[in-house]
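Peer 1: Would you be able to build a 3D model of this:
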Amino acid sequence: MKKIILTLLIIITSFSANAESKLIKILSSGELRVGTTGDWDPMSMKDPATNQYKGFDIDVTTELAKDMGVKVKYIPTDWKTIVSGITSNRYDISTSATKTAKRALVVGFTHSYYKYGTVPLVLKKNLNKFPTWDSLNKSNVTIATTLGTSQEEKAKEFFPNSKLRSIEAPARDFQEVLSGRADSHITSSTEANKLILTYPQLAIVPDGGKNPAVLAMLIDQNDQVWLNYVNHWIEIKKASGFFDTLLKKYGLKSL
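Peer 2: Residues are numbered from 1 along each chain as shown. All right, here's what the predicted structure looks like:
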């Protein structure tokens, strides 16, 4: 595996005039800086007791650093600044985020390795009141979202008649539902399945997920050398079964 990656690295850098690529800087410094929010179960979660990160994307970026022969350093960020962290060079790459046209205007995306659906959650006791997506699209219904997430934009599309409430991290949208300050929130099907295990008073609105979306890591769109390397690495790891193993480890199934 390392021989294959080293060969790719040689090919990519040999034909590139961009000597200032982050790839070269990372190899020179011996450190890969990864921006992560630490609040998305099971992709990236921060343990407050140890300040250590764990999760699907943490395993991905740890493996990337290992194959590059460098150490990984996690840089805390939040959803409203995850894009600007790339453009301002606070970190070299981020853990995964949803690909959106708005984000793609200013930042690059690696190849994707996971696809999910979007679902609303409500209090289980309110399922009879909110049995469908349409039942949530009412002027007297409040939908909570986390500021800066792709769900914030989706809520505007899905629920144009509802009252939308954006919550700033480290607070989270689902906490508004638990407290009764909001009727519902929307999130990835991945996180939703984890939330209802942790908070059995929550339930997924049962009429199916909408708007299938893909996850990818954020990266500098102007640094084609670094982007090409990571994309090649992702495809190699897909072929090796690495991502399939992680899906099983975290109990996930890509759409």
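Peer 1: give me the number of residues near Val122?
Peer 2: 22 (other C-beta atoms under 10 Å). Using the backbone N, CA and C atoms, a C-beta is placed for each residue, glycine as well.
Peer 1: these two touch, right, it and Leu202?
Peer 2: Yes - between Val122 and Leu202 there is a contact under C-beta atoms under 8 Å: 7.4 Å.
Peer 1: shared neighbours of these two, which are they?
Peer 2: Val177 (C-beta atoms under 8 Å, 6 or more residues apart in numbering).
Peer 1: Tell me the helix or strand right after whichever strand or helix holds Arg103.
Peer 2: According to DSSP states H and E, Arg103 maps onto helix 101-104. Downstream of helix 101-104, the first helix or strand assigned by DSSP H and E is strand 108-109.
Peer 1: which element follows that following strand toward the C-terminus?
Peer 2: Using DSSP H and E, the first helix or strand after strand 108-109 is strand 114-123.
Peer 1: Report the distance from that following strand to the chain centre.
Peer 2: With C-alpha atoms, centre = their mean, to the nearest Å as the basis, strand 114-123 stands 13 Å off its chain's centre.
Peer 1: who does the helix or strand just after that strand touch, helix- and strand-wise?
Peer 2: Using DSSP H and E, the helix or strand that follows strand 114-123 towards the C-terminus is helix 133-136. Judged by 3 or more C-beta pairs under 8 Å, 6 or more residues apart in numbering; DSSP states H and E, the packing partners of helix 133-136 are strand 114-123.
Peer 1: quick one: average pLDDT of the strand it packs on?
Peer 2: What strand 114-123 shows for mean pLDDT is 91.
Peer 1: before we move on, what about stretch 132-142?
Peer 2: 95.
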